[in-house]
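Peer 1: give me a 3D structure for the following:
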Amino acid sequence: MRRSYLQLLFKALELPFLPVYNDYQLKYQWQPNPKNRFTVVSLGALDDFELNLDANETEEQRYTLNNLPVSKQWNYTIGGKWEYFRKGGYYTVVLSRNMLDNRASKWAGNDESRPENRLLAYQSQEIENKLRLEDFRQFGSGLKVTWGLNYEYAKYSVDNYFKTVAQGNPLTQEYRSSLQLNKWGLFGQASQDLLEGKVILSAGLRMDATDYSEEMNKLWEQFSPRLSAAWYFLPKWSLNANVGRYYQLPSYVVMGFRNSADGPLVNRQNGLQYLRADHVVSGVEWAPTNFLRLTLEGFYKWYSNYPYLLDQGISLANLGADFGVIGNSPVISASKGRAYGLEFLVQQRLASTFYGTLAYTLVRSEFTGLDEVYIPSAWDYRHIVSLTGGKRFPRNWELGSRFLLSGGPPFTPFDLAATLNQENWDRSGQGLPDYAA
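Peer 2: As a prediction, this is how the structure comes out:
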């Protein structure tokens, strides 16, 4: 179990927010005989985010206190895996459950004594119960084949009260919603070594579906092929390439949105679809030792069926990722996107007592609205440098550090007329972006 004490540091620095993070990890493995092995893994976290109301001396502090919500969140995942080993392969059965409880609240002036000051009261839960069956087989020719089935039963509920501003106009949302989903899918993958291991080919596929709507309940509509290849053209050098298609469900916030407590699922009526992404990645790797490797890769990704927010008039990818609830509004699956760039990676595995990873990414991320004009998304940081490393000491002591440097995200100018409207300011507590600019 672990607990952070960042709130003490943040309070000493007079920051207006005080986060407290708690988490636990559990793993148990039992192998009664050579053919059977059971594993249980569980992870969980409890996060408490409070405001430091004493840190209100500067305009920046007061601005932050005026718009940041108070949030509390807990989650856990627990799963069991049974493996049965046989000649040339094994069977795997995985059963798991995960749950997320998310709460947020905000009051005008952070004054909870008057009911009319309430701006945000949000609580949601997500529960997923998953079952996966796998069969792995290895043949004498070096061919490896994995195939399987998966099923998932999911529940989502939300109780939402939210005063906000959309397209310069005051808006109040108040609704309860619940959602129950069945999801199912099948998958397979095969890999083969050629030319005495100098060439490795791998091909795979997935098909997914859910009973959320008629647009999503057909497996073949979400057919996802993948292909990868690696060529070891020199003893310590290799070329790698892969292409693939991937489908992902929109968030439960988007899927479960209603205009009222007893209203229909708005985005199901709007023909919401799976998000689709097509990836192309290629690069070169040099591994001078068993513990050190350097890679340089280029990538290009195309996105389609991405949610387009009708109230805000922009793609969900352009809305941002600040504190708060994102996606609780009417959408249509009409936005497109692309991301492309280069990544350089140096990785030193734990050879003695030191380990570390240095990565530099040059990336562009752009999405469209209904006009199909690409503009920078909220993730368009251009330059990202990440450094993670550590050293292990005797008696199981370890010292680690992480450094992250990224370029600034795109800036959306404020709508001054809407921002200076007193009612809008009381509801939002911050400048209102002008997405049409």
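
Peer 1: so where's the stretch 1-150 of the chain shaky on pLDDT?
Peer 2: Low-confidence segments of the stretch 1-150 of the chain (pLDDT under 70): none present.

Peer 1: can you pull out the strands in it?
Peer 2: 2-3, 17-33, 36-51, 70-86, 89-107, 118-138, 144-166 (DSSP state E, counting those that start in this stretch).

Peer 1: in the second one, what's buried?
Peer 2: Right, the one you point to is strand 17-33. For strand 17-33, a neighbour-count test (16 or more other Cβ atoms under 10 Å) marks 17-18, 20-21 as buried. C-beta: built from backbone N, CA, C; applies to glycine.

Peer 1: for Thr361, which of the strands of the stretch 1-150 of the chain is the nearest?
Peer 2: strand 17-33 (26.0 Å; Cβ to Cβ).

Peer 1: separation between Tyr28 and Phe85?
Peer 2: Distance, Tyr28 to Phe85, using Cβ to Cβ, to the nearest Å: 19 Å.

Peer 1: again, but for Asn160
Peer 2: 49 Å.

Peer 1: the more surrounded of these two?
Peer 2: More crowded of Asn160 and Phe85, by other Cβ atoms under 10 Å: Asn160, with 21 against 15.

Peer 1: who's that one bridged to?
Peer 2: Asn160 has the following beta-bridge partners by DSSP bridges: Tyr122, Tyr175.

Peer 1: just use 620 as the starting number from now, easier for me
Peer 2: Yep, numbering from 620; the last one is Asn779 now.

Peer 1: average pLDDT for the one helix or strand Ala849 maps to?
Peer 2: In the assignment (DSSP states H and E), Ala849 maps to strand 842-853. In this model, strand 842-853 has a mean pLDDT of 95.

Peer 1: list the contacts of whichever helix or strand comes after it.
Peer 2: On the C-terminal side of strand 842-853, the closest following helix or strand by DSSP H and E is strand 856-867. Contacts of strand 856-867 with the rest of the structure, by Cβ atoms under 8 Å, 6 or more residues apart in numbering, involve 823, 825, 827, 841-852, 893-906, 916.

Peer 1: I'd guessed Val777 sits against Ser743; true?
Peer 2: Yes - with contact defined as Cβ atoms under 8 Å, Val777 reaches Ser743; the gap is 4.1 Å.

Peer 1: can you list residues touching both of the two?
Peer 2: With Cβ under 8 Å, 6+ apart, Val777 and Ser743 have common neighbours Val872.

Peer 1: Phe973: what's it in contact with?
Peer 2: Phe973 neighbours (Cβ under 8 Å, 6+ apart): 967, 1008-1010.

Peer 1: now it: how far from Ser1020?
Peer 2: Phe973 is 12 Å from Ser1020, by Cβ to Cβ.

Peer 1: joint contacts of these two?
Peer 2: By Cβ under 8 Å, 6+ apart, Phe973 and Ser1020 have these common neighbours: 1008-1009.

Peer 1: how about Leu684, what does it touch?
Peer 2: So Leu684 contacts 635, 670-672, 674-675, 729 (Cβ under 8 Å, 6+ apart).

Peer 1: give me the number of residues near the nearest residue to Phe668 once chain neighbours are set aside?
Peer 2: Among residues not flanking Phe668 along the chain, Ser690 sits closest, at 4.4 Å (Cβ to Cβ, 6 or more residues apart in numbering). By the measure other Cβ under 10 Å, the count of residues near Ser690 is 21.

Peer 1: residue contacts, Ser690?
Peer 2: 666, 668, 721-724, 942.

Peer 1: would you list the buried entries among those residues?
Peer 2: 666, 668, 721-724.

Peer 1: excluding its backbone neighbours, what's nearest Val900?
Peer 2: Per Cβ to Cβ, 6+ apart, closest to Val900 is Phe918, 4.6 Å.

Peer 1: now that neighbour: how far from Ser810?
Peer 2: Taken as Cβ to Cβ, the span from Phe918 to Ser810 is 21 Å.

Peer 1: picking up where we left off before, how about a markdown table for the contacts of Ser690, with distance to Tyr865 added?
Peer 2: A markdown table is the format used below for the contacts of Ser690 (distance: Cβ to Cβ, whole Å):
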| residue | distance to Tyr865 |
| --- | --- |
| Asp666 | 29 |
| Phe668 | 32 |
| Asn721 | 25 |
| Arg722 | 31 |
| Ala723 | 30 |
| Ser724 | 36 |
| Phe942 | 28 |
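
Peer 1: list phi and psi for Ala1036.
Peer 2: phi -60, psi -40 (degrees, to the nearest 10).

Peer 1: next, count neighbours for it.
Peer 2: Neighbour tally, Ala1036, other Cβ under 10 Å: 11.

Peer 1: quick one on the thing from earlier: only the buried subset of the contacts of strand 856-867, as a ChimeraX command please.
Peer 2: The buried residues among the contacts of strand 856-867 can be selected in ChimeraX (16+ other Cβ under 10 Å) with this line:
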select :823,825,827,841,843,845,847,848,849,850,851,893,894,895,896,900,902,904,906,916
